[in-house]
Structure formats: C-alpha cells, structure tokens
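Chemist: just need the structure, nothing else, for what follows:
(one chain, ligands or ions: 1)
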Amino acid sequence: VSATLKAIEDAEALNAFITVLPEQALEAAAKADQLRAKGQAGPLTGIPIAHKDIFCTHDVRTSCASRMLDNFAPPYDAFVVEQLQAAGTICVGKTNMDEFAMGSSNETSWYGPVRNPWDQTRVPGGSSGGSAAAVAARLVPAATGTDTGGSIRQPAALTGICGLKPTYGRISRYGMIAFASSLDQAGPMATTAEDLAMMLQAMAGFDSRDSTCVDQPVPNYQQALKPGALKGLRVGLPKEYFNAEGVAPGVQAAMEAAITTMREAGAELVEISLPNTELAVPVYYVIAPAEASSNLSRFDGVRYGYRCENPVDLEDLYKRSRGEGFGEEVKRRIMIGTYALSAGYFDAYYLKAQQVRRMIRDDFTRAFADVDVIAGPTAPSTAFSVGEKSDDPVQMYLSDIFTIAVNLAGLPALSIPAGLDNGLPVGLQLIGQYFDEGRLLAAAHDFQ
Ligand code: GLN
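Modeler: Okay, the predicted model is just below:
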C-alpha cells in the first residue's frame, strides 16, 4: 500500500485520481497485516485497488467528476465497495472519470482530463479513464469501472489493459450513481483475465437493494479458467464489425492477427451477421439521455450537492444550481433526453428506440444459436489526442460503435489487449451469452 501511494504521487501528471486516501489505506493495510499474521488472509487481502468516483464511499467524497457533487460525501458504501472491502481489498483512492460517466475520452471531468500513460498527449478513453490509466500505469493492480455504452471496455482497449462488463443484473447497482439505469453495469479492470476473474468473484452477487439485480448463484470464475479454452470454441465474427467504415487499418490488422491466434489455438471461426449494428449508436443516444434526464433531476440544489449563491426564489435556485453545477455534455444529454420523453415526441423517439433495441437484442439471440462467443474490435481506433474530438460530439459518440449494442442487449463482454498499432494498444472484444462470464474469461485467459 505504501508503494502504491508513492506511485500515485509520482504519476500525478496522469490526473488519474480525484481523491487519494493515504491514512485510510495505511490503516487498512495494518489490519490486513494482522490478518495475514493470524493466517486468516484471503486471496485479495491487502490488495490495493481504486474505485471509480461513481461508487458511493462512506464519508469519502464521491463526485462523479461533477462540480454538482464536489462536496458530496455519502453516508453509505455502494454494494461493490462493500463487497470488495469484505474480500479484503484496500481502497487507495477514487479515480477520475467523465462527468456522470458521459463521455469516451475522460475530457468532460470537472477535475480536468486524464492522460494516457502510453502517450500523455492522448486520451485514455472514457468514461472509466482514471481507472484505466491507473491500472495501465501499474499504480494499482485492479480498479472498478462502470459501463453504460462501453465505458469499461473502450478505455481498457485504449490503455492496453483488460476490462469486463458483466451481464446486466450480475452485480448490484446499489450506491452506483445512476446514469442510464437500464444500461449501467459495474465491472472490473485489471491487467490479466485471471485478475478480472478474482475481482468479479468478489464483486458479483445478489442484493435486494437493486431491483434489477438477478438472484443467480455466482460460479467459481477462477476454476473456469481452464487451459485450452479456445480449442473447439465457436467464435462468431460479425461481418458488420470487420472492414467496417471508420475502422483504422492498424486496428483491422491487429484483428486479423488475433483471429489467426484464435484459429491456431483450435477455435472454430464462423462468419455471422448482426444486421442492426448501425442502429445501436442512434438508439443509445435516445435511450441513455432519456434515462439520464430523469435520473439527474434529483440534483436540484436542495437536498445535497452544489447550490448556487443567494438564490432569489425556488426557481432561481433550481436553475442556477443546475446551470452552474452541470457541465456542457451533461446539459446536452439532459436536453436531448427531456425532448425525447416529452409528450409530443415520446412515441416517435423513445418508444421507437425501445422497439429497435429489441431488434438489436434479437440479432444477438439469433447469432448465439450458432456460436459460443462473438469477437471483434473493441474500438474503431487507438487512443486519440486530447482535444481531437471534444468539439464534435457525434465523432466522439462513434468511438463506441462496437460496444454500445452489448449494453442495449444486456450481454457480458470484455476487452483484452491484442497488439499495437503504431505503438498504441488495440483491444479485442469478446461478447458472451447471458451469465457466461466464465467462458469469456476462460477464452481471454487462453488468448493471453
Ligand atoms: N461513451 C458513452 C457515453 O458517453 C458511454 C459511456 C459509458 O459507458 N458510461 O454515453
């Protein structure tokens, strides 16, 4: 823990952390030492980790990288925080992120952008960019993230680490600040599939405080990591994900090499089609903002969070607190979402988007009749430069073309490193059937 704290201090330029917790972490480390001395240490006892600043931590600032919550210290821990603490891990700090998890580059944070450790002029991806940078720079062995449309997998890809978005409902969302509730899912980020398995083991579980959490036994993920898992595995290659428009040639080349590796390991490659792929981004940008506009209505300057100075009346209090407390991207989402949900447009936008969402889910169901996992690039390009896409929201939204459909369908998926393009990491995405995280992790482990 002390080495970790020193490393975090030395890597300040990355801006990966919003809050560092030296006293709390050292105190926990002393307790972990005592457990070890008594022979009561578990596999994760004393392992330093970091939590994305979207997870509520008792009496510790939980900002969601927003000015709105800069002064917010929750009176309780999130389920994920409780679980990882119970497993013996030590939280050394809270990581930077895009404001309210809205973004793909970590540039929308109130606390400034995070830098990619591979090249500090570039972004680490987002929205879990602080966690990704912290793991990639080897400041911590593992960190938590959340993924609503790609926010674990895309930054994992851009920083050359592993990241898993579990099945929707696998991990309780209790205490995880809501962005788009029907899409949000917590997950682990680490350097190997084995470490993801250990983290998921601790994080997964049923919890009645999240009504969408599924009461299903948690398998032993480490036992699932059998050698030779790729042998005989039926791997679907969606034709829409390969040679798609906008995919960088270097990413394409890395995918071809990954396919060769899988074939040589005995995987059976099957061409499949996910015909509604191109509808995923437009559908997401109706559904996610709609849910966000509703979720974010709780930040009103009254109960907690930012409050403007000297409001003249209640309306002024609402308007200025929200106007000053939220950043530009968050406001853009609230406006889009409010519009899509308004009486005159609900059927044309929100209802239509839900219908297309079902079609996207059906595409996967059909594909999984013939294959065990689906493989493709995680992101269309490697890490881009800070500022390169920040003035063009639509370009930014397209960073998630390969990850978003998975959230709309609620499926599990992970990203693992698959070589370099011009010295920058490329991610391979593997998508699995509902609750098939064990098979995904085993395939990733064998690939590594
Ligand atoms: N980049 C997507 C967005 O901005 C996804 C973010 C996420 O998964 N939290 O909404």
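
Chemist: quickly find the element holding Arg333.
Modeler: When elements are assigned from DSSP states H and E, Arg333 belongs to helix 328-341.

Chemist: send me that helix as PDB with only the CA atoms.
Modeler: Extracted in PDB, the C-alpha atoms of helix 328-341 (Å, rounded to 0.1, in the frame of the first residue of the first chain):
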ATOM      1  CA  GLU A 328     -21.700  21.100 -21.100                       C
ATOM      2  CA  GLU A 329     -22.000  17.400 -22.100                       C
ATOM      3  CA  VAL A 330     -24.300  16.600 -19.200                       C
ATOM      4  CA  LYS A 331     -26.600  19.500 -20.100                       C
ATOM      5  CA  ARG A 332     -26.600  18.300 -23.800                       C
ATOM      6  CA  ARG A 333     -27.800  14.900 -22.600                       C
ATOM      7  CA  ILE A 334     -30.500  16.400 -20.300                       C
ATOM      8  CA  MET A 335     -31.800  18.400 -23.200                       C
ATOM      9  CA  ILE A 336     -31.900  15.500 -25.700                       C
ATOM     10  CA  GLY A 337     -33.400  13.200 -23.100                       C
ATOM     11  CA  THR A 338     -36.100  15.700 -22.000                       C
ATOM     12  CA  TYR A 339     -37.000  16.300 -25.600                       C
ATOM     13  CA  ALA A 340     -37.300  12.600 -26.400                       C
ATOM     14  CA  LEU A 341     -39.500  12.000 -23.400                       C
END
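
Chemist: counting neighbours, what do you get for the one residue in the stretch 151-300 of the chain that gets nearest to the ligand?
Modeler: Taking Cβ to the nearest ligand atom, the ligand has its nearest neighbour within the stretch 151-300 of the chain at Ser151, 3.0 Å off. Just so you know, the C-beta spots here come from the backbone N, C-alpha and C atoms, and that holds for glycine as well. By other Cβ atoms under 10 Å, the residues close to Ser151 number 36.

Chemist: what residues are up against it?
Modeler: Asp98, Ala101, Ser104, Gly126, Ser127, Ser128, Gly145 (Cβ atoms under 8 Å, 6 or more residues apart in numbering).

Chemist: could I get those residues as a markdown table with pLDDT, secondary structure and neighbour count?
Modeler: A markdown table is the format used below for those (pLDDT from 0 to 100; DSSP: H, G, I helix; E, B strand; the rest coil; neighbours: other Cβ atoms under 10 Å):
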| residue | pLDDT | secondary structure | neighbour count |
| --- | --- | --- | --- |
| Asp98 | 98 | coil | 31 |
| Ala101 | 98 | helix | 30 |
| Ser104 | 96 | coil | 28 |
| Gly126 | 95 | coil | 32 |
| Ser127 | 98 | coil | 35 |
| Ser128 | 98 | coil | 38 |
| Gly145 | 98 | strand | 32 |
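
Chemist: tell me the pLDDT of the closest residue to Ala292 other than its chain neighbours.
Modeler: Leaving aside its sequence neighbours, Ala292 sits nearest to Arg333 (Cβ to Cβ, 6 or more residues apart in numbering; 4.9 Å). Arg333 carries a pLDDT value of 97.

Chemist: how near is Arg333 to Tyr304?
Modeler: 21 Å (Cβ to Cβ, to the nearest Å).

Chemist: also Ile259?
Modeler: For Ile259, the distance to Tyr304 - Cβ to Cβ - is 50 Å.

Chemist: neighbour count winner among those two?
Modeler: Ile259 (19 against 16).

Chemist: check which helix or strand covers that one.
Modeler: Per DSSP H and E: helix 249-264 holds Ile259.

Chemist: who touches the very next helix or strand once past that helix?
Modeler: Following helix 249-264 in sequence order, the next helix or strand is strand 268-272 (DSSP H and E). Contact with strand 268-272 is made by 232-239, 259, 262-263, 367, 370-371, 374, as judged by Cβ under 8 Å, 6+ apart.

Chemist: can you pick the most crowded of those residues?
Modeler: For the contacts of strand 268-272, neighbours tallied by other Cβ under 10 Å; top is Ile374, 25 neighbours.

Chemist: confirm that residue sits in a strand?
Modeler: Yes - counting by DSSP: H, G, I helix; E, B strand; the rest coil, Ile374 is found in a strand.

Chemist: what's the distance between it and the ligand?
Modeler: 19 Å (Cβ to the nearest ligand atom, to the nearest Å).

Chemist: bridged to that residue, which residues?
Modeler: Gly236, Ile431 (DSSP bridges).

Chemist: correct me if wrong: it contacts Gln433.
Modeler: No - contact criterion Cβ atoms under 8 Å: Ile374 and Gln433 do not qualify, at 9.5 Å.

Chemist: any idea how far Met359 is from Pro227?
Modeler: 38 Å.

Chemist: mind checking which of the two has more residues around it?
Modeler: More crowded of Met359 and Pro227, by other Cβ under 10 Å: Met359, with 13 against 9.

Chemist: contacting residues for the more buried one?
Modeler: Asn276, Leu279.

Chemist: so where does it fall, helix or strand?
Modeler: Met359 belongs to helix 352-367, assigned by DSSP H and E.

Chemist: measure how that helix sits relative to strand 268-272, angle-wise.
Modeler: 140 degrees (axes from the mean of the first three to the mean of the last three Cα atoms, to 10 degrees).

Chemist: list the buried residues of helix 352-367.
Modeler: Ala353, Val356, Arg357, Ile360, Arg361, Asp363, Phe364, Ala367 (16 or more other Cβ atoms under 10 Å).

Chemist: would TSV of those residues with pLDDT and distance to the ligand be doable?
Modeler: Below are those laid out as TSV (pLDDT from 0 to 100; distance: Cβ to the nearest ligand atom, whole Å):
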residue	pLDDT	distance to the ligand
Ala353	97	14
Val356	98	17
Arg357	98	15
Ile360	98	16
Arg361	98	18
Asp363	98	20
Phe364	98	18
Ala367	98	22
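
Chemist: for the stretch 101-250 of the chain, what lies in contact range of the ligand?
Modeler: Ala101, Met102, Gly103, Ser104, Ser127, Asp147, Thr148, Gly149, Gly150, Ser151, Phe179 (Cβ under 6 Å from any ligand atom).

Chemist: keep only those of those residues that are in strands.
Modeler: Asp147 (DSSP state E).

Chemist: want to throw the residues of the stretch 101-250 of the chain next to the ligand into a markdown table with distance to Val270?
Modeler: What follows is these, written out as a markdown table (distance: Cβ to Cβ, whole Å):
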| residue | distance to Val270 |
| --- | --- |
| Ala101 | 34 |
| Met102 | 36 |
| Gly103 | 35 |
| Ser104 | 30 |
| Ser127 | 33 |
| Asp147 | 26 |
| Thr148 | 29 |
| Gly149 | 26 |
| Gly150 | 24 |
| Ser151 | 29 |
| Phe179 | 34 |
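
Chemist: specify which member of the residues of the stretch 101-250 of the chain next to the ligand is nearest to Ala157.
Modeler: Taking Cβ to Cβ as the measure, Ala157 lies nearest Gly150 of those, at 9.0 Å.
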